[in-house]
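[1] Sequence plus the predicted model coming up.
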Amino acid sequence: MIKVKEVNIKFNPFEVYNVFKNEINTILLDSSKDDESLSKYSFIGLNPYLLFEAKGNECYINKEKVQGNPFEVLEKLVSKYKFTMEEYKEIPLLSGAIGYISYDAARGIEEIPNTSKEDFNINDISFAFYKNIIVFDLKNNRQYITSLDGIEEEIENILSVINKNTVEINYNKDIIKAELSKDDYSKFSSNFTKEEYKSAITRLKNYIVSGDVYIANMTQRFTIDNKENGFDIYKKLRSINKAPFSAYVNFEDLEIISSSPERFIEVKDRKVITRPIKGTRPRGKNKEEDIKNSLELINSEKDKAELLMVVDLERNDLSKVCKPHSVKVTELFKLEKYATVFHLVSTVEGTLKENISAVKCIKECFPGGSITGTPKIRSMEIIEELEGLKRNIYTGIIGYFDFRGNADFNIAIRTIVKKDNKAYFGVGGGITFDSIEEDEYLETIDKAKALMKVLL
């Protein structure tokens, strides 16, 4: 039976994870942004006892191939370890599986053409099932360590390692002030030239004119040679671009460095929440320009129309898994600011049907509407045609399934993948009939700046 023990840890989650950063298949889910409404908990997953991986229709448990649909196998695994516990009910993750589902896992859900190229090979789905979770209740400044097997000694050993080895970490925040030069930009390669990207947007707008879609997300991928340790990159990114849904994943064959501002779906006590983002403006060089850009976004009918279309799509997705009449829009056009950009955000909530698990909920709503478009399936077909490159983890999701039925996943934007001494990241935006090709291209560069800075 699981054991949960409240402990006293005086360091922040990032500093504590620094002690365990070299342990393979460990994960930090890091609510690093100072935001009481979103940054409530951070988690560290330690000592995995099971690894679930899937590529296409092939599934593996601890590297041994098993039969079955990846989502169905994952659901069975999560339900196998299900438990109930009234104590600590407010903590959303006590024991469970943490990992990612790549954008391309959607090919196992919907019939999407498979014509795009793959520039690096990773699993479509990877989750580690953990014996131990370190829980940081950020709002109440309380910390806990759990043991799935109920072993007190495990908890004490982890606490001892933390107390002996954790040190305060100082950040170099000056990196955000540095301006990128033309030479800096030239160090990154993309699957598009500027003119090719603008041409793809024009083609996408033609699909909108013909009635295929109302809005669709168009992205490009940047790549750079990089031999730096992934956690050191995450340290820099965390110092300049704190976000409520950040993560560092240290799997055997790759590292994921994520500073995502966007929640895909949270399930807690059968309540479902999604927070789509649409609309971006760069941060200003001074206070006056900052105010000007934020007001421009708040008053932009184009950006609000984009977000409204995605909200309607998310309402439809949640209605598939939620009780009738329970789906509500609780926030519509909320302005949020980050290190390099402003965003408009909405919140949609509902209550899960009794027969729908968290895994089933994620599957039915995946991938997110804000990074596909509406209608979703046709948008994904057009994305496949125009982008020409598999997105992999970018615009997939990173997060957890708790064994009591909870779940929480970000959308993997502002996310770097490190593999074989190369770093990859995608940037993009929603395209509508009113989109201006030059502006849309520049928006991707605004979103890329923080990621580029930490990779140089």
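    It's in.

[2] what about the strands in the stretch 251-400 of the chain?
    255-260, 263-268, 271-274, 277-282, 328-337, 341-351, 373-374, 397-402 (DSSP state E, counting those that start in this stretch).

[3] For the fifth one, which outside residues touch it?
    Counting by C-beta atoms under 8 Å, 6 or more residues apart in numbering, the neighbours of strand 328-337 from elsewhere in the structure are 261, 283, 294, 297-298, 304, 307-308, 311, 315, 342-350. No exception for glycine: its C-beta is placed from N, CA and C like everyone else's.

[4] Regarding residue 114, what is its secondary structure?
    Put simply, residue 114 is coil when judged by DSSP: H, G, I helix; E, B strand; the rest coil.

[5] Now do the contacts for it.
    By C-beta under 8 Å, 6+ apart, residue 114 lies in contact with 107, 384.

[6] One more: residue 131?
    So residue 131 contacts 46-49, 147-149, 154 (C-beta under 8 Å, 6+ apart).

[7] In TSV: the strands of the stretch 251-400 of the chain, plus distance to residue 199 and mean neighbour count.
    Compiled in TSV, the strands of the stretch 251-400 of the chain are given as follows (distance: least, C-beta to C-beta, whole Å; neighbours: other C-beta atoms under 10 Å):
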stretch	distance to residue 199	mean neighbour count
strand 255-260	29	25
strand 263-268	30	24
strand 271-274	33	20
strand 277-282	21	23
strand 328-337	31	14
strand 341-351	25	21
strand 373-374	18	26
strand 397-402	30	27
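
[8] Now render those strands as TSV, adding distance to residue 429.
    As requested, the strands of the stretch 251-400 of the chain are exported to TSV (distance: least, C-beta to C-beta, whole Å):
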stretch	distance to residue 429
strand 255-260	15
strand 263-268	17
strand 271-274	19
strand 277-282	7
strand 328-337	16
strand 341-351	11
strand 373-374	11
strand 397-402	19
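
[9] and of those, who's closest to residue 193?
    strand 277-282 (21.9 Å; C-beta to C-beta).

[10] What strands line up against that closest one, and which way round?
    The strands that strand 277-282 pairs with in its sheet are strand 341-351 (antiparallel) (by DSSP bridges).

[11] Which residue is most remote from the mean position of this protein?
    residue 153 (33.6 Å; C-alpha atoms, centre = their mean).

[12] Can you give the distance from the host helix or strand of that one to the centre of its chain?
    Assigned by DSSP states H and E, residue 153 belongs to helix 152-165. In terms of C-alpha atoms, centre = their mean, to the nearest Å, the centre of helix 152-165 is found 30 Å from the chain centre.

[13] Report the contact partners of residue 192.
    So residue 192 contacts 200, 220 (C-beta under 8 Å, 6+ apart).

[14] and the gap between the residue farthest from the centre of the chain and residue 164?
    Distance, residue 153 to residue 164, by C-beta to C-beta, to the nearest Å: 16 Å.

[15] what do you get for residue 414?
    34 Å.

[16] okay, these two: which has more neighbours?
    Each of residue 414 and residue 164 has its neighbours counted (other C-beta atoms under 10 Å); residue 414 has more, 29 against 8.

[17] May I have the beta-bridge partners of the nearest residue in space to that one that is not next to it in sequence?
    Nearest residue to residue 414 in three dimensions, chain neighbours excluded: residue 259, at 4.5 Å (C-beta to C-beta, 6 or more residues apart in numbering). Beta bridges link residue 259 to residue 246, judged by DSSP bridges.

[18] Touching, residue 259 and residue 236? I think so.
    No: contact criterion C-beta atoms under 8 Å: residue 259 and residue 236 do not qualify, at 10.3 Å.

[19] Kindly list the longest strand within this structure.
    Longest strand of the chain, by residue count under DSSP state E: strand 41-55.

[20] tell me the average confidence for that one?
    Averaged across strand 41-55, pLDDT comes to 98.

[21] Need the residues that contact the helix or strand that it is followed by.
    With elements assigned by DSSP H and E, the helix or strand that comes after strand 41-55 is strand 58-61. Residues outside strand 58-61 that contact it (C-beta under 8 Å, 6+ apart): 50-54, 65-68, 70, 73, 77.
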